[in-house]
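In: 3D model of this:
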Amino acid sequence: MLELTALGTWVGGLIILIGAVIPAVFNTFGGQDSGGFLLTRAFEGYNRIVLIAVAVLTLGTVGRAWLNRRGVIDYPVSSSEWNVLGLMVLIAGAITFVLHPQAAALQAQAFATKGDAARTLAFNTFFRLHWPIRILYVVNMGLGIVLLGIRIRSWIEGHRR
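Out: Residues are numbered from 1 along each chain as shown. The predicted structure is shown next:
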């Protein structure tokens, strides 16, 4: 149950950020600077929650594999489940520890830049890095949905046996 809660938080949190928080921020805080900084902080919080979800999912998956090998449960961990979880963890780690900190630094630099030409250049640099990050978030969300389907299918098959 903890694993499904962690997975639901991971996927659902991103859906809420994309579908509700981002539009609300830019419609409420008229300025790009304040809205941008708020969203950066929101995604930093989301990334911390994802790290907790990674720990829960990894420990739960390892635990289920161990219990299945011992014959305590009949709920095996498939190779596709390991692969999808591993890819999700890799993407989340790349975003959290490499890409997001770089993007936050570029964003702060762009907001601090004076002059229209220099500011435009700074924002273009920021958006060139930010675009792949957004794609990775959506890919990770899709992988989370796939992993949820894999887990539900294997749970149902385990109960049929």
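In: May I see the buried residues of the helix or strand where Met88 lies?
Out: In this structure, Met88 sits in helix 79-94 according to DSSP states H and E. Buried residues in helix 79-94, counted by 16 or more other Cβ atoms under 10 Å: 81, 84-85, 88-89, 91-92. To be clear about C-beta, it is placed using only N, CA and C from the backbone, and glycine gets the same treatment.
In: Excluding its own residues, what touches stretch 83-102? List them.
Out: Contact with stretch 83-102 is made by 10, 43-44, 47, 50-51, 54, 57-58, 61, 129, 132-133, 136-137, 139-140, 143-144, 146-147, 150, as judged by Cβ atoms under 8 Å, 6 or more residues apart in numbering.
In: Just those: which are in helices?
Out: Using DSSP state H to define helices, the subset of those located there is 10, 43-44, 47, 50-51, 54, 57-58, 61, 129, 132-133, 136-137, 139-140, 143-144, 146-147, 150.
In: From the rest of the structure, what touches the least confident helix or strand in the chain by mean pLDDT?
Out: Ranking every helix and strand in the chain by mean pLDDT, DSSP states H and E puts helix 22-28 at the bottom, with a mean of 75. Identification of contacts with helix 22-28 by Cβ under 8 Å, 6+ apart yields 32, 35, 38-39, 42.
In: Between the residues you listed, which sits nearest Leu17?
Out: Ala42 (6.3 Å; Cβ to Cβ).
In: so what's that closest one closest to, chain neighbours aside?
Out: Distances taken as Cβ to Cβ, 6 or more residues apart in numbering place Val21 nearest to Ala42, at 5.8 Å, with adjacent residues excluded.
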